[in-house]
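> Sequence below, structure please.
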Amino acid sequence: MDELDIEAVAEAELDDPVLVEGLPGVGHVGKLAAEHVLEELDSTLVRRVYSEHFPPQVEVGDDGVAELTSAEFHAVETEGRDLLVLTGDNQAQSNEGHYRLTDAFLDVAEDFDVAEVYALGGVPTGELIEEYDVLGAATDESLVEALEGHGVEFREDEPAGGIVGVSGLLLGLGERRGVDAACLMGETSGYLVDPKSAQAVLEILQDQLEFEVDFADLEDRAEEMEEVIGKIQEMEQQQQPNVPSDDDLRYIG
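Model (predicted):
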């Protein structure tokens, strides 16, 4: 197989489209958000990208059929701007691979006349949180201002260490191609799959691009994760040694 193989599955005419990327990352935030869009809105699979930079594996479906791992582009028509949604189960395994794949992803976006890119992801807090802020980065000041108007926070030197992987390179390489790009990052503990953070990111995106999806399924998944978190916290408490109370301490010595 060649280093990169882009399969044209179908064609679609999109109106003023934007690329929305949701590949695996911290808390699977971007992947959850992108896949929720595809679950809620009618979409057409238009491209598959195969590459030796992906892990050497196949994906096995519910029917037992195996397919070589790939990234997929789905065309989605909305009441606002149309979307070209990039999803997949893997990112590249090397620095070179990230660059090569991101260039290929931008080539596909260019074929569909995409002039704006939104990368979706998570930023780890290292602790469980209740209120989910969405952090942002963008290649253009006007895009920063527009996203700030929808509640996105742009914090100096955050995320620490920058934005890695495809999400970061879509901004860096996109800007060099003259493509406006932004990254929306939902705060998440970083320990578990985080549907609440995905919903927070998706709420910003739908306001920015003027489309609408139902969040019932994400909310159900969030409730399931809260039950898991509750059980984990209960187990941690049971494992902690008993600490004597103040009343107990009065009888010591």
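
> Show me what the helix or strand encompassing Y118 pairs with in its sheet, parallel or antiparallel.
Per DSSP states H and E: Y118 is located in strand 116-124. Take DSSP bridges as the rule and strand 116-124 pairs in its sheet with strand 18-22 (parallel), strand 180-188 (parallel).

> Which parts of this structure are helices?
Here the chain has its helices, by DSSP state H, at 29-40, 95-111, 141-148, 165-176, 195-209, 216-239, 246-249.

> could you redo those as a markdown table and give each row mean pLDDT and mean neighbour count?
Every residue, glycine included, has its C-beta placed from N, CA and C. Formatted as a markdown table, those follow (pLDDT from 0 to 100; neighbours: other C-beta atoms under 10 Å):
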| stretch | mean pLDDT | mean neighbour count |
| --- | --- | --- |
| helix 29-40 | 97 | 23 |
| helix 95-111 | 98 | 18 |
| helix 141-148 | 97 | 14 |
| helix 165-176 | 97 | 20 |
| helix 195-209 | 97 | 23 |
| helix 216-239 | 83 | 12 |
| helix 246-249 | 44 | 8 |
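
> Quick check: closest non-adjacent residue to V18.
Take V18 and drop its neighbours on the chain: the residue closest to it by C-beta to C-beta, 6 or more residues apart in numbering is E116, 4.5 Å away.

> May I have the beta-bridge partners of that neighbour?
Under the criterion DSSP bridges, E116 forms beta bridges with D180.

> For it, which residues are in contact?
Listed by C-beta atoms under 8 Å, 6 or more residues apart in numbering, the contact set of E116 reads V18, L19, V179, D180, A181.

> Most neighbours among these, please name it.
A181 (27 neighbours; other C-beta atoms under 10 Å).

> What residues does it make contact with?
E116, V117, Y118, A119, A138, T139, L170, L171, G174, E175.

> How about V76?
V76 makes contacts with V37, L38, L41, D42, S43, T44, D82, L83, L84, V85, as judged by C-beta under 8 Å, 6+ apart.

> Could you tell me which of those belong to strands?
Judged by DSSP state E, strands contain the following of the contacts of V76: S43, T44, L83, L84, V85.

> Just give the closest residue to S51, not the sequence neighbours.
Excluding the flanking residues, the one nearest S51 by C-beta to C-beta, 6+ apart is L4, at 5.1 Å.

> coming back round to it: ok, of the contacts of V76, which one's closest to A104?
Nearest to A104 among the contacts of V76: L84, at 13.7 Å, using C-beta to C-beta.
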